[in-house]
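K.L.:
What follows is a protein structure lacking sequence information:
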């Protein structure tokens with residue numbers, strides 16, 4: 001083992017570390033960088049911004065039951081599937097689909113050996129990430145706006161004496177438009193209408209100045225547009241540093257949000273009426289649990305917040321060392337040197353690592369929910385309305401409830417600055433990693449001109465986000481969030497699971513994981529991957545179609561033409577998968593449809609571990625297997641006669657599994 005004491009890869013100066021085993025792609029500096037970056041990637045605006053409003057919209061406790069079901073039987077298993085998938089091949093979300101050419105583009109290798117092509121599933125992941133990147137940055141820019149507006153002695157949403165406030169405004173701090181001497185005389189009048197908080201009116205009338213229809217764009221909100229430009233500039237600056245640079249800052253960005261949330265949580269639960277909000281949050285409304293929309297939102301939120309089907313998890317895991325234990329503690333093996341060396345150089349292996357990341361993600365969502373609903377309970381108590389009616393049911397909930405709580409803290413502008421700085425970090429922590437998978441396209445020209453290409457991506461992203469800064473922008477943001485980044489994630493994850501388990505072959509993949517980790521996947525994951533997860537997702541999709549209801553924004557019902565646009569956005573990320581699969585079938589060799597179908601499902605001949613040193617067993621180069629290896633291959637065969645029939649002359653090793661495919665290992669270890 002070659003070790004160095006130089007401070008490379010983010011290691012502490014003077015601490016011996018192993019050099020990158022993949023010199024072309026590089027590796028994470030140590031295990032904690034990968035885990036914290038994964039937490040930072042998974043824990044983002046989806047937890048603090050998206051989860052509360054979906055939970056609020058779907059009846060509080062009614063949302064929690066399907067949410068946890070989806071976490072256990074779909075979220076955690078598919079999270080581990082993506083991590084192991086990317087780590088095994090050391091390829092990003094595009095290159096890994098060499099596992100099945102039916103879902104992969106035409107192979108084309110430039111002089112650098114970089115895989116290029118148009119992948120079906122990989123393309124779908126890129127399209128979803130593009131949609132999310134467009135409106136995600138709009139949410140980040142609103143956080144920037146609130147951050148800049150907090151640079152004052154008095155938060156502008158504290159009182160009701162501003163030009164944008166209405167007579168229905170009722171503030172908690174100080175007095176509202178009416179003075180205290182008239183408060184008792186007008187109390188009856190206030191009870192006749194719905195009273196609103198200053199934070200809600202600031203959001204609706206000052207920040208958005210919302211129009212009455214999705215087609216009525218009105219004017220561009222110049223302050224929001226300026227903040228959108230700032231947001232994309234920051235993303236651009238992060239991207240030109242590359243993916244691995246994110247590992248150096250996660251020690252702060254992955255922990256800071258919990259400090260701020262804890263402060264708001266302590267303040268929230270001490271407010272009058274907080275218990276009512278928490279009760280609404282935790283008490284299931286059983287009649288809503290039978291609503292497919294609730295289950296659909298729970299499924300989409302699990303995949304959205306965990307990052308499944310975005311492509312980021314696969315890309316991040318591809319920077320792990322091949323034998324890194326992305327599941328649990330890695331036992332000592334003799335090939336890792338002496339036990340003392342292993343203890344010294346691998347001190348940070350996390351027990352049940354992927355489960356820790358998944359549970360941390362969802363626990364953060366639940367924690368943020370306690371913060372939000374304690375504040376909503378207080379607002380309902382003050383305004384004299386039910387918790388379900390106290391605030392915006394859409395994506396603006398976080399920008400109403402959190403600011404309201406901030407006004408109740410001492411030195412509120414300081415805490416407001418810290419909170420919205422936290423939101424910005426959460427957004428950028430996910431956005432930069434998702435967009436950075438563009439590196440995986442990686443032609444020679446793109447890599448040489450990475451800065452120019454990244455700048456072009458940022459400019460295009462900014463221009464596409466401009467309509468979302470108009471007075472109708474919030475309608476479009478909700479439309480994109482519900483269609484472009486909702487069921488597309490669920491469908492792509494289901495297709496990925498089916499492709500690996502039934503087209504590549506579950507026995508093939510279980511052996512791949514065992515070769516990489518030293519043990520096969522646990523029985524729970526094997527059952528979920530093969531049966532439970534695809535069945536649950538399929539049922540949710542079917543019943544969501546049967547019980548389909550158009551989306552609404554508070555009392556506004558979306559017109560049919562806008563829903564058609566939403567469906568087109570959703571289909572654009574998944575329609576390419578079956579279209580390309582049919583194209584690949586008819587382009588494959590064979591005289592009958594069945595023969596072409598079989599040939600199109602065989603893995604690419606270069607599929608397998610990226611480095612030659614890891615191509616052992618059935619992936620070993622021709623002539624490298626001993627007697628034991630030969631016995632192992634025979635044990636893995638399911639249909640020996642069929643495999644012998646399909647074996648090519650130049651290939652000497654057979655891959656086990658249901659597809660009966662054969663592989664000629666790539667002589668280039670970095671391919």
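P.N.:
Sure, I can see it. The structure displayed is predicted, hence computed values, not measured ones.

K.L.:
residues near the nearest residue to residue 547 once chain neighbours are set aside, how many?
P.N.:
Closest residue in space to residue 547, ignoring its immediate chain neighbours: residue 292 at 4.3 Å, by Cβ to Cβ, 6 or more residues apart in numbering. Glycine gets a C-beta too; all of them are placed from N, C-alpha and C. By other Cβ atoms under 10 Å, the residues close to residue 292 number 19.

K.L.:
Pretty sure residue 292 sits against residue 487.
P.N.:
No: counting by Cβ atoms under 8 Å, no contact exists between residue 292 and residue 487, whose distance comes to 11.4 Å.

K.L.:
shared neighbours of those two, which are they?
P.N.:
residue 544 (Cβ atoms under 8 Å, 6 or more residues apart in numbering).

K.L.:
residue boundaries of the strands in the stretch 501-650 of the chain?
P.N.:
Secondary structure of the stretch 501-650 of the chain, counting by DSSP state E, counting those that start in this stretch: strands at 552-553, 556-557.

K.L.:
Tell me, what's the model's pLDDT at residue 630?
P.N.:
At residue 630, the model reports a pLDDT of 39.

K.L.:
tell me the most buried of the strands of the stretch 501-650 of the chain?
P.N.:
Most buried of the strands of the stretch 501-650 of the chain, by mean neighbour count (mean count of other Cβ atoms under 10 Å): strand 552-553, with a mean of 16.

K.L.:
Give the pairing partners of that strand; include direction for each.
P.N.:
strand 556-557 (antiparallel) (DSSP bridges).

K.L.:
What's the mean pLDDT across the partner strand?
P.N.:
Across strand 556-557, pLDDT averages out at 91.

K.L.:
Next: stretch 474-490.
P.N.:
Averaged across stretch 474-490, pLDDT comes to 88.

K.L.:
distance between the ends of that stretch?
P.N.:
24 Å (Cα to Cα, to the nearest Å).

K.L.:
Quick one: residues contacting residue 85.
P.N.:
Here residue 85 is in contact with 96, 99, 314, 317, 500 (criterion: Cβ under 8 Å, 6+ apart).

K.L.:
Helix or strand for it, just tell me which one.
P.N.:
Per DSSP states H and E: residue 85 is located in helix 76-89.

K.L.:
per-residue pLDDT, residue 428?
P.N.:
So residue 428 comes in at 76 (pLDDT).

K.L.:
I'd like to know how many residues surround it.
P.N.:
25.

K.L.:
Could you do residue 44 as well?
P.N.:
The local packing of residue 44 (other Cβ under 10 Å) involves 28 other residues.

K.L.:
go on, residue 371?
P.N.:
25.

K.L.:
Please look at it and residue 266 and confirm they touch.
P.N.:
No: between residue 371 and residue 266 there is no contact under Cβ under 8 Å: 9.5 Å.

K.L.:
Show me the residue sitting in the middle of the chain in space.
P.N.:
In the chain, the C-alpha closest to the average C-alpha coordinate belongs to residue 307, at a distance of 2.0 Å (Cα atoms, centre = their mean).

K.L.:
where does it land on pLDDT?
P.N.:
pLDDT, residue 307: 81.

K.L.:
between the contacts of residue 85, which is closest to residue 615?
P.N.:
Distance to residue 615, by Cβ to Cβ, is smallest for residue 99 among the contacts of residue 85, at 15.4 Å.

K.L.:
can you redo the strands of the stretch 501-650 of the chain as CSV with distance to residue 508?
P.N.:
Formatted as CSV, the strands of the stretch 501-650 of the chain follow (distance: least, Cβ to Cβ, whole Å):
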stretch, distance to residue 508
strand 552-553, 46
strand 556-557, 49
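
K.L.:
closest to residue 166 out of the ones you listed?
P.N.:
Smallest distance to residue 166 across those (Cβ to Cβ): 18.2 Å, for strand 556-557.

K.L.:
Can you flag the buried ones in the contacts of residue 85?
P.N.:
Buried members of these, scored by 16 or more other Cβ atoms under 10 Å, are 96, 99, 314, 317, 500.

K.L.:
got the contact list for the first one?
P.N.:
Going by Cβ under 8 Å, 6+ apart, residue 96 touches 85-86, 89, 122, 314, 318.

K.L.:
Looking at those residues, which has the smallest pLDDT value?
P.N.:
Lowest pLDDT within the contacts of residue 96 is found at residue 122 (71).

K.L.:
That one: neighbouring residues, count only.
P.N.:
Residue 122 has 29 nearby residues by other Cβ under 10 Å.

K.L.:
Does it lie in a helix or a strand, and which?
P.N.:
Using DSSP H and E, residue 122 maps to helix 120-149.

K.L.:
Okay, buried residues for that helix please.
P.N.:
Residues of helix 120-149 classed as buried by neighbour count (16+ other Cβ under 10 Å): 120-147, 149.

K.L.:
by contact count, what packs against that helix?
P.N.:
Where contact means 3 or more Cβ pairs under 8 Å, 6 or more residues apart in numbering; DSSP states H and E, helix 120-149 is packed against helix 45, helix 222-239, helix 398-406, helix 412-435, helix 450-465, helix 473-479, helix 488-498, helix 576-587.
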